[in-house]
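Chemist: generate coordinates for the sequence data below:
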Amino acid sequence: MSNRQFEVPVDIRRKTEVVQDRLGLIIILAVVALLTFLLFLLSVNLGFVLAKGAANLPNVSVLSEWHPYESTRIYDRNGKLIANIHGDEDRVVVTLKDISPNIQRAVMAIEDNRFYEHNGVDIRGTLRAASANFRGDDVQGGSTLTQQLVKNLFLSPERALTRKLAEALLAMRVERHYDKNKILEMYLNQVYWGNQSYGIEKAARRYFKKPARDLTIAESALLAGLLKAPEGLSPYAYPEAARKRQLEVMNAMVQFGYITEAQRKAAEEQQIDLTRHAPKPSKHPYFIQYVIQQLEEKFGDSAVRQGGLKVYTTMDEPVQDLAEKSLYDEMDTIKFSGVTEGSFVVENIANGQVLALVGGRDFDKNQFNHTTQQHRAIGSTFKPIVYLTAFRLGLITPETPIVDSPVCFNNGYSTWCPHNWDGKYMGAMDVRKALTLSRNTPTVKLGLKMGIDPVIETARLAGIKSPIDRNFSSLLGSAGISPLEVITAYSTIARGGVYLPPTVLLRVEDSRGREIPLDKPQPERRFDPEPVNNLVSILIDVVEKGTGKNAIIPGRQVAGKTGTTDEMRDIWFTGFTTDMVGSVWMGNDKYTPLHGIFSSNSAMVWGNFAREYYKMNPIPAGVFPKPEKILVERKIMRESKSFDEDEKAAKTAVDRTAPSLEPLDRTDPSMGYSPLHPGAGATSQPSASGRNNDLKPLVEPSSLGGTNDSGAPVPHP
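Modeler: Numbers count the residues shown, from 1 in each chain. Predicted coordinates:
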């Protein structure tokens with residue numbers, strides 16, 4: 001039997017198929033090669049772009065000198081915070097040790113749980129956040145705290161790939177340069193928390209009226225929840241949304257082990273006490289306004305509103321409160337009078353420090369500071385300057401006889417005949433009585449003998465800088481002078497002739513606590529003591545026996561002077577003891593006449609204040625130096641025949657016929673009155689000889705046909 005061989009079928013590929021397979025392989029390899037080449041080009045280009053972009057990124061080393069815009073804090077003399085001044089960002093920077101661990105943990109739990117583990121960019125956290133967002137459970141953000149910090153400090157808020165890449169690069173650089181605690185501190189001080197609050201310290205104080213170091217778990221969770229949408233989750237505008245977000249933060253704190261479940265439940269039950277009203281810049285805005293003006297003149301606007309200065313002022317807040325109450329209470333009492341505005345400034349005589357400054361009735365309605373910006377006629381408040389000039393020149397003593405009688409002089413265009421408020425003249429008296437009763441014609445007569453220039457010189461030496469016209473109406477207080485200048489002049493008198501400009505700044509520190517040197521004003525003697533002592537002895541009589549009786553303080557010497565201007569448009573009182581001086585003005589901005597009140601109402605404000613002031617500050621009562629009894633006569637006193645006649649008449653009549661120096665009726669409207677301009681309440685007659693630049697006295701008005709005793713104002717020529 002033969003063996004049979006079976007053929008096994010073999011699939012033999014055709015030549016064409018082999019060619020096709022090889023061609024496909026070649027195509028695949030070519031495509032892979034092309035893609036590889038393109039990827040290589042792309043990576044090279046991307047690397048070039050990144051390298052170029054990285055080179056243009058900000059230098060993160062500048063953060064070693066990092067200091068964000070910070071509010072300036074203003075304190076009273078006792079270290080009590082009274083105002084915050086800021087520009088666009090209201091911020092107070094604090095160190096991490098002054099920030100509660102509760103808020104640190106709350107922020108990390110909801111914003112960057114792996115903060116202490118990543119190097120600036122958290123890939124795991126980003127993927128987890130993306131997954132949570134996809135599920136609709138948006139609990140944690142994608143960017144790390146470091147990324148958020150560099151975005152706030154260096155980058156624009158635009159949504160672009162290049163910005164995200166730059167953010168990541170900068171974040172990693174920051175992590176290489178600074179430790180985690182410093183980064184967390186910068187973040188908490190930099191970010192915006194809503195309610196016009198930048199930085200955690202400002203947020204804690206604005207929302208809860210407490211420092212950041214005292215924040216509870218519940219308060220911290222509420223604030224940390226705001227970072228996602230500071231205004232959109234506001235507890236004021238959207239309390240339900242804010243509450244929901246707060247619970248999410250507390251749950252995250254439990255999830256990541258920052259607090260226990262028991263702490264979460266306790267925090268959830270805590271009642272949150274929010275500050276309901278946005279705080280005003282200050283409860284004493286006129287004082288603060290003047291402080292800001294002084295600071296800006298010294299340091300500039302940017303340093304004041306963004307530099308984080310700590311400013312310690314001279315204000316004594318209880319004294320400031322008392323000054324405001326004293327002024328406002330009296331203004332409320334005399335609403336019928338037409339008084340709508342007022343000013344009150346109080347100064348420590350020893351050092352020139354302003355203890356209180358009230359510049360108006362309502363800052364929200366009128367920001368014009370009547371103490372520092374207003375320049376009004378001060379009437380008889382100016383008379384002490386006139387008499388001090390005469391004392392300086394040796395022309396008078398308090399006992400020098402003088403006559404209250406009509407007088408006229410030529411002002412170059414017409415004849416001016418000033419008179420007293422009542423249109424009457426009291427005849428012979430001495431200098432003490434003339435000033436105590438605030439008689440006008442004796443004041444003018446002194447001025448005519450001295451000339452106006454010495455009086456202006458005295459005003460300048462005393463501290464008055466406002467323009468004073470070189471005409472004799474200025475003798476009766478027609479020049480516009482600010483209350484701050486008035487108190488400066490009177491404080492010079494109160495110091496016995498020593499000038500010291502008022503100051504509101506005690507100490508200024510920069511944002512790092514370093515004291516900034518200030519120019520400390522130095523006392524300067526401007527007047528010899530004796531002329532001032534003579535004047536003060538009369539101003540004591542003004543209070544005890546004359547127009548300022550409402551300022552009497554039992555057991556304490558008070559000197560002062562009232563002042564009233566034309567048609568009672570302004571009422572003044574400036575008074576001082578041996579340690580304190582204060583000036584009160586009341587009127588209105590429309591410059592309309594007041595009615596039913598007198599300068600005694602301003603003395604009432606001063607007196608009510610001062611009596612309470614010394615209850616708050618039991619300073620021993622001081623006594624003013626007594627003047628020496630020296631009668632000095634100068635040749636100038638005998639140069640004018642008309643004055644000699646007045647003097648002779650006074651010497652023979654003063655002891656027999658002059659009215660006695662008795663206490664006066666405080667409601668007498670004549671007390672403290674002084675016309676505003678030469679023609680007010682005076683006879684104005686054309687000059688017979690034409691223009692007279694010498695301003696010399698004319699004859700007595702009797703030879704001119706008498707005076708207008710009706711008291712009716714005569715328009716200024």
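Chemist: contacts only, for G596.
Modeler: 334, 336-337 (CB atoms under 8 Å, 6 or more residues apart in numbering). No exception for glycine: its C-beta is placed from N, CA and C like everyone else's.
Chemist: try it again with 10 Å
Modeler: G596 makes contacts with 334, 336-339, 568, 669, as judged by CB atoms under 10 Å, 6 or more residues apart in numbering.
Chemist: cool, and P318?
Modeler: 76, 78, 80, 355-356, 612-613, 616-617.
Chemist: so how do I select the buried members of these in PyMOL?
Modeler: In PyMOL syntax, the buried subset of the contacts of P318 is picked out as below (16 or more other CB atoms under 10 Å):
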select buried, resi 76+355+356+612+613
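Chemist: helices - which of the contacts of P318 land there?
Modeler: 612-613, 616 (DSSP state H).
Chemist: distance of the closest residue to Q374 other than its chain neighbours relative to R73?
Modeler: Leaving aside its sequence neighbours, Q374 sits nearest to S482 (CB to CB, 6 or more residues apart in numbering; 5.9 Å). For S482, the distance to R73 (CB to CB, to the nearest Å) stands at 28 Å.
Chemist: farthest-apart pair in the contacts of P318, please.
Modeler: Farthest pair in the contacts of P318 (CB to CB) is K80 and E612. Separation: 19.7 Å.
Chemist: for the record, mean pLDDT for stretch 74-83?
Modeler: Averaging pLDDT along stretch 74-83 yields 94.
Chemist: what's the neighbour count on S466?
Modeler: 12 (other CB atoms under 10 Å).
Chemist: can you pull the contacts of it?
Modeler: 375, 378, 459, 479-482, 485.
Chemist: scan those residues and report the most crowded one.
Modeler: When neighbours are counted by other CB under 10 Å, I378 leads the contacts of S466 with 32 neighbours.
Chemist: please report phi then psi for that residue.
Modeler: When read as degrees, to the nearest 10, the backbone of I378 gives phi -110, psi 0.
Chemist: could you check how far the nearest residue to it once chain neighbours are set aside is from T574?
Modeler: Closest residue in space to I378, ignoring its immediate chain neighbours: G477 at 4.6 Å, by CB to CB, 6+ apart. G477 sits 12 Å away from T574, taking CB to CB as the criterion.
Chemist: tell me, what's touching the two both at once?
Modeler: What both G477 and T574 touch, as defined by CB under 10 Å, 6+ apart, is the set 378, 381, 563.
Chemist: out of those residues, which comes closest to L25?
Modeler: Of the shared contacts of G477 and T574, the one sitting nearest to L25 (CB to CB) turns out to be I378, at 108.3 Å.
Chemist: show me the contacts for that closest one.
Modeler: Per CB under 10 Å, 6+ apart, neighbours of I378: 385, 464, 466, 476-483, 485-486, 489, 561, 563-565, 570, 572, 574, 583, 585, 674.
Chemist: could you do D579 as well?
Modeler: 348-350, 494, 556, 614, 617, 619-622.
Chemist: let's see that with 6 Å instead.
Modeler: By CB atoms under 6 Å, 6 or more residues apart in numbering, the residues touching D579 are 349, 619.
Chemist: next: I452.
Modeler: Counting by CB under 6 Å, 6+ apart, the residues that I452 touches are R470.
Chemist: mind pulling up the pLDDT for it?
Modeler: 93.
Chemist: now it: how far from V444?
Modeler: 11 Å.
Chemist: again, but for I552
Modeler: For I552, the distance to V444 - CB to CB - is 29 Å.
Chemist: with D510 instead?
Modeler: 54 Å.
Chemist: and for L222?
Modeler: 72 Å.
Chemist: and for S405?
Modeler: According to CB to CB, S405 and V444 sit 11 Å apart.
Chemist: ok, I334 next?
Modeler: Relative to V444, and taking CB to CB, I334 is found at 31 Å.
Chemist: which is the next helix or strand following the strand or helix carrying W572?
Modeler: Element membership of W572 [criterion: DSSP states H and E] is strand 571-576. With elements assigned by DSSP H and E, the helix or strand that comes after strand 571-576 is strand 580-587.
Chemist: if we can go back for a sec, so the residue nearest to Q374 sits against H375, correct?
Modeler: Yes - using CB atoms under 6 Å, S482 is in contact with H375, at 5.4 Å.
Chemist: using CSV, lay out the contacts of P318 together with distance to N181.
Modeler: Shown next, in CSV, are these (distance: CB to CB, whole Å):
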residue, distance to N181
D76, 35
N78, 34
K80, 32
L355, 44
A356, 45
E612, 51
Y613, 50
M616, 47
N617, 47
